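Novice: Structure for the following, please:
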Amino acid sequence: MILITGANGALGRLVAAELADRDDVVLGTRTPGPAAPKSAATSTNTSTNTAQTARTARPTQRRIDFDDPSSLDFTGVDTLLLISAGYGEDDVVIARHDAAITAAEKAGVRHLVYTSLSGDGDHLAYALAHRWTERRLTRSPLAWTVLRNGLYAEFLAAIAAPGPDGTIAAPLGAGRLAAVARADLAAVAARVVAEPARHAGRVYELVGERALGGAELADAVGGSYEPGSLGAAREAIAASGGALPYQVPMLVGTYSAIAGGFLDGSGIATNALRTLLGREPRPALDAYRTAVTALSAP
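Specialist: As a prediction, this is how the structure comes out:
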C-alpha cells in the first residue's frame, strides 16, 4: 500500500492523479471526503464493472493530521510519501515531521519518500526544517528516499506576478531561478513510490533545466520588468495581509537568494529531473504563464 500525505494539497493532488490507475493508494488528508459509492454490488457484468470501478472509484482516504499525532495511523502502509508539512515556524514543522516518521517506524512502514528542498536552497529561511528531516531519516531504520524539489514555477508566478499595468516589480535583480513545473515533480514522486526499492538511500536533486529571469517572465506575459527593492517588497508583503509574520522574512529571503544567484541551478552537481521523468521536462516558463493567467482570472 502507498499512502500520500497532504493529498488535498497542490502537489498531493497531482501525485494522486499520476497513481490513479493503482488500487493500492490511500490518500492522507486532514479532511477526508465521503467514501466512494459501492457501484460494483449492483452490476451484473463483473469484468466490465471491475474495469469501470478502477477508472472511476475514488481512492481510499484516511485522516492524517500532522497537528494531531493520534491521527497518524500508517497501519498497512508499505510506502509512505511524506509531502513536507510546511507553513509553520521551524519548531512546528520539525515536530510534525518527527511525529510522522516516528509513527511510520512504529507502524512498520517499509519505505518513506520525503519531498525536501533543493540543495542550492540552503540559503533560504525554510531550509532548516528540510535538512533536519533528512538527517532524521538517515538515523531511522526505515528505507528512505529524498526528493530535493526545486521551487515551483507556479510559486514564481505568485511572487513575481505582473501588476495591473503588466509590470513585474519583484526584486529578482539580475538573478534567475531554476524553477520546475509542479506537475513534473509530482510525476517523479509517483514513479519513485511505485518502485521504491530502486531508489533506496538516494537523495535526488530536482531543479529546472533552464533558469528564468525577470525579463523572460515579463516577455512571457507581454509585460515589462522593473525590479524594486527588497525593502519595498517587505513593506508590500506586510501591508497586503496575505502573509503571516514568520512568512514575511521567508519571502523576502527567497527574493534575495534568487537575486544573489544562488537558485539558478548552477550549484547543483547532478540534476536528476530528466532521468527520473524519463522524458523532457515541461517548460517552466509555460507553467509560469499558465499560473499567472489563473491567478489573474476573475
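
Novice: Low-confidence stretches in the chain?
Specialist: 35-58 (pLDDT under 70).

Novice: just checking, residue 59 touches residue 29?
Specialist: No. Counting by CB atoms under 8 Å, residue 59 sits too far from residue 29 to count as a contact (10.6 Å). All C-beta spots, glycine's among them, are computed from the backbone N, C-alpha and C.

Novice: more neighbours, the two?
Specialist: residue 29 (21 against 18; other CB atoms under 10 Å).

Novice: contacting residues for that one?
Specialist: Contact partners of residue 29, counting by CB atoms under 8 Å, 6 or more residues apart in numbering, are 6, 7, 8, 12, 61, 62, 63, 64.

Novice: Max pairwise distance over these: which two?
Specialist: 12 and 63 (14.2 Å; CB to CB).

Novice: Please identify which of those two sits among more neighbours.
Specialist: Between residue 12 and residue 63, residue 12 has the larger neighbour count (other CB under 10 Å), namely 21 against 13.

Novice: Skipping adjacent residues, who's closest to the more buried one in space?
Specialist: residue 6 (4.3 Å; CB to CB, 6 or more residues apart in numbering).

Novice: neighbours of the one you found, just the number please.
Specialist: 23.

Novice: do residue 258 as well
Specialist: By the criterion of other CB under 10 Å, residue 258 has 31 neighbours.

Novice: Correct me if wrong, but it is in a strand.
Specialist: No. Applying DSSP: H, G, I helix; E, B strand; the rest coil, one finds residue 258 to be helix, outside a strand.

Novice: So the residue nearest to it when sequence neighbours are not counted versus residue 210, what's the distance?
Specialist: Nearest non-adjacent residue to residue 258, counting by CB to CB, 6+ apart: residue 175, 4.4 Å away. Residue 175 is 14 Å from residue 210, where distance means CB to CB, to the nearest Å.

Novice: Those two: which is more packed in?
Specialist: residue 175 (21 against 14).

Novice: Distance-wise, check that one relative to residue 247.
Specialist: On the measure of CB to CB, residue 175 and residue 247 end up 21 Å apart.

Novice: just to revisit the earlier point, quick one: residues contacting the residue nearest to residue 12.
Specialist: By CB under 8 Å, 6+ apart, the neighbours of residue 6 are 12, 28, 29, 83, 84, 85.

Novice: Could you measure from the third one over to residue 64?
Specialist: Look at residue 29 and residue 64: by CB to CB, they are 6 Å apart.

Novice: repeat for the first one
Specialist: When distances are taken as CB to CB, residue 12 and residue 64 turn out to be 11 Å apart.

Novice: can you map out the helices along the stretch 51-200 of the chain?
Specialist: 90-107, 127-138, 153-159, 182-194 (DSSP state H, counting those that start in this stretch).

Novice: List just the one of the ones you listed that sits closest to residue 69.
Specialist: helix 90-107 (4.6 Å).

Novice: Which other helices and strands does that closest one contact?
Specialist: Contacts defined by 3 or more CB pairs under 8 Å, 6 or more residues apart in numbering; DSSP states H and E place helix 90-107 against strand 79-83, helix 127-138.

Novice: so which of these is the most packed in?
Specialist: Mean neighbours per residue, mean count of other CB atoms under 10 Å, is largest over the helices and strands packed on helix 90-107 for strand 79-83, with a mean of 26.

Novice: Remind me what it packs against, helices and strands.
Specialist: Against strand 79-83 (3+ CB pairs under 8 Å, 6+ apart) you get strand 2-4, helix 10-18, helix 90-107, strand 111-117, helix 182-194.

Novice: could the ones you listed be laid out in JSON lines, adding distance to residue 139?
Specialist: As requested, these are exported to JSON lines (distance: least, CB to CB, whole Å):
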{"stretch": "strand 2-4", "distance to residue 139": "22"}
{"stretch": "helix 10-18", "distance to residue 139": "26"}
{"stretch": "helix 90-107", "distance to residue 139": "10"}
{"stretch": "strand 111-117", "distance to residue 139": "13"}
{"stretch": "helix 182-194", "distance to residue 139": "21"}
